[in-house]
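**Q** Next one to model:
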Amino acid sequence: MKDKSVKKVKPSGLELVDRLVGVQRVTKVTKGGRTFGFTAIVVVGDEHGIGGYGLGKSKEVSEAVNKGIEDAKKNLYRFPVVKGTLPHEQDGKFGGARVFLRPASSGTGVIAGGSMRHVLECVGIHDVLAKSKGSSNPHNLVKATFEALHSLRDAKQVAKSRGINVSQVFNGK
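**A** Numbering: from 1, shown residues only. Next comes the predicted model:
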């Protein structure tokens, strides 16, 4: 979001997978009584480095979920995924939620809690160690996880910012 290296992606031609993270019933108190509605947070991704999230609100659950999916498709981003894991460790925070993501060796799987697991699987990260600290609010956890993913940089981006070759990034010369 803050980093300009993260590229927004158009959803045309992508096979997208959507996962419902959470649905909440909300209430509006009016003069005539209570009016009930629903909010849904949905994560969408192609499982190959592209993902996004969306919020939907409606009087019915199915309509809220559909609105969330449409919103998520409008906010897709490409993230660096190296051999099914992350290029480096990263922290993310949003509101009271704090997340910590660490790359893992092949075969480890996604070691993460519910909301974070949905995000990481939709983006296509298969081997990762993740920890959530602070708030367990699903909305803030999803946003904190995306904040951490937005901060990731692969070797090409690091080399470009330093003005050196990719091989020099690893050699340290």
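
**Q** Remind me which helix or strand the residue nearest the centre of the chain belongs to.
**A** Geometric centre of the chain, nearest residue: Phe146, 3.7 Å, by CA atoms, centre = their mean. If you go by DSSP states H and E, Phe146 is part of helix 138-150.

**Q** contacting residues around that helix?
**A** With CB atoms under 8 Å, 6 or more residues apart in numbering as the test, helix 138-150 has contacts from 1-3, 6, 21-22, 41, 43, 51-53, 55, 77, 79, 90-101, 113-116, 118-120, 123, 130, 132, 135. Where C-beta positions appear, they are placed from N, C-alpha and C, glycine not excepted.

**Q** Those, buried ones only, as a ChimeraX selection?
**A** Those of the contacts of helix 138-150 that count as buried under 16 or more other CB atoms under 10 Å are selected in ChimeraX with:
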select :6,21,22,41,43,51,52,53,55,77,79,90,92,93,94,97,98,99,100,101,115,116,118,119,120,123,130,132,135
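
**Q** Tell me which of the contacts of helix 138-150 fall in strands.
**A** 21-22, 41, 43, 51-53, 55, 77, 90-94, 97-101, 130, 132 (DSSP state E).

**Q** so how many other residues sit close to Thr35?
**A** Using other CB atoms under 10 Å, Thr35 has 11 neighbouring residues.

**Q** State the paired neighbours of whichever strand or helix holds it in the sheet, together with their directions.
**A** Thr35 is part of strand 33-45 when elements are defined by DSSP H and E. For strand 33-45, the paired strands and their directions (DSSP bridges) are strand 17-30 (antiparallel), strand 50-58 (antiparallel).

**Q** how far out from the middle of the chain is the last one?
**A** Just to be clear, that refers to strand 50-58. 10 Å (CA atoms, centre = their mean, to the nearest Å).

**Q** Could I get the average pLDDT for that strand?
**A** In this model, strand 50-58 has a mean pLDDT of 95.

**Q** and the angle for it with helix 138-150?
**A** Calculated by axes from the mean of the first three to the mean of the last three CA atoms, to 10 degrees, strand 50-58 forms an angle of 160 degrees with helix 138-150.
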